[in-house]
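>>> Predicted coordinates and the sequence they were generated for:
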Amino acid sequence: MPDYNLSYFYVFVFFGAGAIFVTALLTVSGLIQPKRRTAEKDRIYESGEEPVGPAWGRYPIHFYVFALLFVVFDVEVIFLFPWAVLFRDLGWYGIVEMGIFIFILVTGLFYAWRKEALKWF
């Protein structure tokens, strides 16, 4: 019979060793880093470009709706892969169920299209 307490001991030892390793690396990097602050180091950096305008900006809500619709339809399409793998085993029942699923997807896409949620401007 395996000793489960020994397994917990190993987990705690690895956790402790990892914590000690991370703490040691952060301490060493804090000791050897240059500490002079300059105006160039304090400047905002945006991919090598000079920042234009304030950092806080307002974006129209349709960008968020468009992104959420993409995520929803992308995740739902992922469900097509297992169905395609088991297509022969599922028979007519699988075809009917996937037909209903795709009908719901197309209905949602048509609804979003009618509400002009897919317009990018």
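Great, that's in hand.

>>> all contacts plus neighbour counts: C-alpha atoms, from now on.
Fine.

>>> Okay, and V72 sits in which element?
helix 61-78 (DSSP states H and E).

>>> Show me which positions of that helix end up buried.
Neighbour-count burial for helix 61-78, counted by 16 or more other CA atoms under 10 Å, picks out 66, 69.

>>> List the neighbours of that helix that are in contact with it.
105, 117-118, 120 (CA atoms under 8 Å, 6 or more residues apart in numbering).

>>> change it to 7 Å
117-118 (CA atoms under 7 Å, 6 or more residues apart in numbering).

>>> just checking, next helix/strand downstream of it?
That would be, after helix 61-78 and using DSSP H and E, helix 80-85.

>>> Report the mean per-residue pLDDT for that next one.
On average, the pLDDT along helix 80-85 is 85.

>>> try stretch 11-26
On average, stretch 11-26 scores 97.

>>> roughly how far is the host helix or strand of F21 from the heart of the chain?
Taking DSSP H and E as the definition, F21 sits inside helix 4-32. Relative to its parent chain, helix 4-32 has a centroid offset of 28 Å by CA atoms, centre = their mean, to the nearest Å.
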